[in-house]
Each structure stands twice: as structure tokens, then as C-alpha cells.
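In: What follows is a protein structure lacking sequence information:
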């Protein structure tokens, strides 16, 4: 025994021997690692008899004899005989015997007299750690606590001057227009800030503010504020449940991502949660993080976007989407592993500014805002959402919360060029207001893709064209979503996972800063998403990233042609909107998506915008 | 406590059932889930090919907002270690 010169590790003599005719790949991997770390290693060739292995090992006088066996037939007898031969040769006096390989069960190896047994899922590092007398440091490279800034390094400078000039003109017009107006949503956001400030310190003021808040609510939310009657399909979270969520983090410091998922450690893969139940959400988030997710997205019920006002207290919801309240957000935050990026969406409804306030108060890292999608694809009145959206972007800038600008109106049938024009206008407004928006193109087999034939031959070119055109227009972060692969997944778990993984790999290969993925239940509508379905796509994404590696994904020449068509389409739309001179009018009149496309100006909140005094 | 109650949400059963068509396959699949003791079961995926169906069945043990029984006093709460 001697000290290896370079790293202070005690140098060991190790004999590696395959007990199979040909299978010795695992041993070669172990040899490489051991040699790198300064150990003296002898790898015996395959197809030696056990007597020959023992004789060769005796000549080496090793500290460890490691044998491998891939084939399972007769393994117990073989291993028992090998131990007997080693005993007879006196090798056990010094050497430790280790058995590993595809057919190995550690318990059986030890029962048969080996000092250690390694099963098929054992990393090479575990064998090395054993030789060096160390416990395998499972946390190495796997723990993550630093949150990345997805917008770092981006200048938001327009690279396409013509498009940039139009976007700036339109964005400034819409900001000026919105600055003169207000809405119940803006008033409630202001009240929420004041209420949270007064809640503990000034109960009388809080009660007065709360009454004022309640007067600005509608529907079942109003009824709850006035009578305490729960909103349909909701029930209060119990103390027991709340306590349980908080206890989830007691082992947070021990969180280890399975080594098989390490490839995700420097990728920003997001998953959406929103089971309806904060307890289940915390579990789903944490298991997703454990399998490599870098961020989680709060998914709220659709009715929450159409009601004036947000509830208070913590609620469980029996249907899709987890109720958006400050207490629910704080509860979930308390249960989610620290270090993960957390997005609370504020993009589509009548509570957009207040949602940004709640996101800030609860400690979210990101939010989501898009006036155009919310107006044309999610049922909110364009005038109302423009006023609220500008306020939301001001708040996001004030709170230093980056936000994505989503383009899911493509799912309604709006062509990408129109959706992108809207996204660029809103993102430009966000930048003018001091914010840090991220562009969120849809990676999907959208209706446009099917109708135009963009996706007829593959799902690569159209999506790559989107990345190309956006990155040629502005130096801004791109975060495809949400989630990627819409309308390509089926109810088949394997197909769904593959489609999700390939879209995620394509996004990351194309320069995306982040990507939001679905579960393998994406196309199943019969019930809630389950935990294994979340693991499925995270594992599949790892497999896809591992497969492509630095090799990349190659689009055809069509991608450039589509990108040029998209640019021209964006330019044409922006010219129309600029010529109209009234962004809100353009929303109503269909310049950014019309009825023919499948986009309808929403009606929620219609007639609620007023001029500021 | 039955192991079933340690399942976080749902339990999927995937198999190949010999049958004459998709409808028969689904019926047999749901019968299987009932035999296994899943009261809240559904067919997630079912496709006919050759002699039967490739089928994925799901039994929900706990839907969100249910009265979860992983809370049983004899069960340690499960943290975030993997």
C-alpha cells in the first residue's frame, strides 16, 4: 500500500476479472476510473477458468478482487465455488472479494461470502468509493441550491431594426393608453398590498380595506367574502394538512437527484403543478425536482381567471388547478425544495395585477403575463386585460420578477406570425416599463402547422424556425412551452414521453434558456396527472438529451424558409397594428388573431375599465 | 396499513390482454382492476393489435383533495430523500 502521489488517496492493487466469456465492459469502466485515481489495476481477459483467475490473482497479491457476471444461469454455484477457491488459495487473508454485474443481487453476493456485491444499477463511482474505503458521496454534483437568472446576459436590443421600431411605437402607444385608465383588478391589487401590510399591525384598517376589496369582487368569490360560503368544489385545508406540507422539507438537505438524471442539473426544465390540492402539489413538485426539474409552475383553475377577486386562506380544490390565494402559495412554497425556480402565472384573467402582487409576497421567482393571449384565447376583455396587463408589468418590474410572454393562442388556431407579433409588442412594453420578459413560443403541432403543412414531414422545422426568427429579431431569452409538444402527444405513455422529450431536447438544442414539459398524462383527460407520469417525461427528457448530446438536431432547409415567412408575417401584422394606431382596437378587430383564425375577443370584465380621475 | 395506502395518487397496470376488439379489451381491463381491488379505475390507453390490446389501466387510490391515509400514525412522513 502506498500513497498515490497526485491526490493523497491510498493506492490499492485491484484485480478485475469477468466470469463471462465476453462481458467485461463494466470492468473496463471501473478500471479507467481506478487508474485515473492512481490505483494499480490488472484487468484479466474474459474466458479464463475460475482456477486460472485465482492463480493470476494470487500472483498479483491484490487488495481487492472484483469479478463481474452478466449471465444469470448457475450464478449462485459459480460464486460459491469462486469464494471456496479464493479461500483455499489464501487470498482472503488480504484481499476483499467483490461481485458485480447485470445478474448480481448484492444480498446474495454477501450471503455467498463476498465482502460486497453491486447490482446492475450501481454507478462506477460506487465501486471506486468501495476500493477507497469511502461511502459513495451521492450528493456530488447532484445537489442544487443556486437559482439561475434566466434573463442574465440578455440586452433586449432589437437586432431587426424595422420590427423593433414598429414594436416600440405600438408598445409606447398601448402604455400611454393604459396609463390613463384603471380597473377593479388594479384597485384590488392596490388594496391587497395595503391589506397585507395592515393585516397584523392594524386590524381595523385591514377590516375596512377588506370590505372595500369585497365590494370589487364578483360571483362565488364575492359570496365567500360576504357570507363565508366556500366556492364550489373547494374545502379549507385542514391544520393537519398544512402541518404535513411544512414537514416535507425536514429532509430537504438530503435531497439527491438520481445520478441517472444528472444531465438535467444544468438545464432549466420546468413542470406545471396544479392538482387542486396543495398537499399533492408539494409532493408532485418535490418528486419532479428530485428527478431533475429545475422549476415548477403554479397552475390555477380556469374559473379563477373569470371571477373578479381572489380568495383568502388555504383551499383544496377537487378539480384541475390549485386555487390562487396568498395562503395557498405560501403553504406550497413552504413545502417545495429550496433552490427551485417557482413561477406563479398571472397571464390571462381578471386578477392579473393582484396575482403579481401575490407572487411577490409569496416569494415566487417568475410570473407570466400576456395581454394578447388572455384577450384572444382565454376569455378576458381586451380593453380590460390591456389596462391590467400594463399594471401587472409595472408591478413585475417593481418587484424584479421576470415573466414569460406566452403565445398559447396558437392552440386556438392563430398563426404563429400573429401570435409572435403580439408577444413582441407585449414584451417590448415590458422592457419599456423596466421589466425582464422571456419570449415563450409554442412548440406544438398547432392547427397552423397542420393546415399549412409546416409539420407534415417533421416536427423540427417549424419549431426551429420559431427559434430562428425570434432570436434574429431581439436579444431576449426564449423559453418554449407551455408545455412543449402540444397536440403531438397521445394517451400512450411511451409515445407521449418520447414526444415530450424530443420537443424538450429540440428546444434546448436550439438555444432556449428553459423549457416547460408535460407529463406522460398530457393527452389523458380522464383524471388527475399522477406522480409516475411526471417521472416518465423527466426520465425521457434525460434520455433524449443523453442521446443527442453535443450532436445536435439538424433541421432541413425548410426551417429557414419558414423562418423567413414568419418574419414577413410578423412584419405585416405589426404594420397593420401600427397603422391602426390603437393597440386595443387591433385586438378587437382581429389584427393579432381573428374569428377566422379561431380567436375571439373575450368578454370577462367588459365595460369595467374607467378613466383615471 | 395496506401498501395500497402508501401509493401517492394512482396505480397504473400495463399489460397485453387477449381479446377480439378494443371494447372487449377495455371491459376486461376494467374487470381486472376491479379484481385487483381498485374501485376508482379507468382505461388510460387501449390499442388493438394482432391478438389483443396493449392496455394501460389506472386505479386512483387518492385523487387530489381526498382524505389521504398516508398520514397514518404508524407511517413515518415521507420527506424529500430519494
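Out: Thanks, I have the structure now. The model shown is predicted, which means the values in this text are computed figures rather than measured ones.
In: only C-alpha atoms for contact and neighbour calcs from this point on.
Out: Noted.
In: how about the strands of the stretch 451-600 of chain A, start to end?
Out: All strands of the stretch 451-600 of chain A, identified by DSSP state E, counting those that start in this stretch, fall at A:481-486, A:515-517.
In: Same question for chain B.
Out: B:10-18, B:41-49, B:52-60 (DSSP state E).
In: quick one: pLDDT of residue A:342?
Out: Predicted confidence (pLDDT) at residue A:342: the value is 96.
In: ok, it - contacts?
Out: Counting by Cα atoms under 8 Å, 6 or more residues apart in numbering or on different chains, residue A:342 makes contact with A:295, A:296, A:297, A:298, A:364, A:365, A:366.
In: Just the pLDDT for residue 21.
Out: I'll assume chain A. For residue A:21, pLDDT reads 68.
In: My question was about chain B, not that one.
Out: 97.
In: gap between the closest residue to it other than its chain neighbours and chain A?
Out: Distance criterion Cα to Cα, 6 or more residues apart in numbering or on different chains; nearest residue to residue B:21, sequence neighbours excluded, is residue B:48 at 6.4 Å. For residue B:48, the distance to chain A equals 12 Å [Cα to the nearest Cα, to the nearest Å].
In: who are the neighbours in contact with residue B:48?
Out: By Cα under 8 Å, 6+ apart, the neighbours of residue B:48 are B:21, B:22, B:54.
In: Neighbour count added to those residues, as a markdown table?
Out: Listed next are the contacts of residue B:48 as a markdown table, based on neighbours: other Cα atoms under 10 Å in any protein chain shown:
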| residue | neighbour count |
| --- | --- |
| B:21 | 15 |
| B:22 | 18 |
| B:54 | 19 |
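In: Please convert these to a markdown table, extending it with distance to residue A:533.
Out: Listed next are those as a markdown table, based on distance: Cα to Cα, whole Å:
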| residue | distance to residue A:533 |
| --- | --- |
| B:21 | 27 |
| B:22 | 23 |
| B:54 | 18 |
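In: Going by distance to residue A:456, which of those residues wins?
Out: Here the nearest of those to residue A:456, counting by Cα to Cα, is residue B:54; it sits at 27.3 Å.
In: Relative to chain A, how far out is the nearest residue to the closest one once chain neighbours are set aside?
Out: Nearest non-adjacent residue to residue B:54, counting by Cα to Cα, 6+ apart: residue B:16, 4.7 Å away. Using Cα to the nearest Cα, we find residue B:16 at a distance of 13 Å from chain A.
In: where in chain B is pLDDT low?
Out: B:71-82 (pLDDT under 70).
In: what residues does the stretch 501-613 of chain A put near chain B?
Out: Counting by Cα under 8 Å from any Cα of the partner chain, the stretch 501-613 of chain A comes close to chain B at A:524, A:526, A:528, A:530, A:531.
In: re earlier: comparing the strands of chain B, which comes out most buried?
Out: Greatest average neighbour count among those goes to strand B:52-60 (a mean of 21), per mean count of other Cα atoms under 10 Å in any protein chain shown.
In: Relative to that strand, what are the paired strands and their orientations?
Out: With DSSP bridges as the test, strand B:52-60 is paired with strand B:10-18 (antiparallel), strand B:41-49 (antiparallel).
In: Same list as before, those that is, but in a markdown table and with distance to residue A:556 included.
Out: Converted to a markdown table, the strands paired with strand B:52-60 look like this (distance: least, Cα to Cα, whole Å):
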| stretch | distance to residue A:556 |
| --- | --- |
| strand B:10-18 | 37 |
| strand B:41-49 | 33 |
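In: Sort out for me which of the contacts of residue A:342 are in strands.
Out: Those of the contacts of residue A:342 lying in strands (DSSP E): A:295, A:296, A:297, A:298, A:366.
In: tell me which of these is nearest to residue A:353?
Out: The nearest one, if we look at these relative to residue A:353 and count by Cα to Cα, is residue A:366, at 13.8 Å.
In: from the contacts of residue B:48, which is closest to chain A?
Out: If you rank those by distance to chain A using Cα to the nearest Cα, residue B:54 comes first, at 9.5 Å.
In: wait, that closest one sits on residue B:13?
Out: No - counting by Cα atoms under 8 Å, residue B:54 sits too far from residue B:13 to count as a contact (10.9 Å).
In: OK, contacts around the residue nearest to residue B:54?
Out: Contacts for residue B:16 (Cα under 8 Å, 6+ apart) come out as B:52, B:53, B:54, B:55.
In: what do you get if the cut-off is 10 Å, keeping everything else the same?
Out: Residue B:16 sits next to B:25, B:29, B:46, B:47, B:48, B:49, B:51, B:52, B:53, B:54, B:55, B:56 when contact means Cα atoms under 10 Å, 6 or more residues apart in numbering or on different chains.
In: Dump the strands of the stretch 451-600 of chain A into TSV; add distance to residue A:280 as well.
Out: Listed next are those as TSV, based on distance: least, Cα to Cα, whole Å:
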stretch	distance to residue A:280
strand A:481-486	20
strand A:515-517	19
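In: could I get these as TSV with mean pLDDT?
Out: Shown next, in TSV, are the strands of the stretch 451-600 of chain A (pLDDT from 0 to 100):
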stretch	mean pLDDT
strand A:481-486	91
strand A:515-517	97
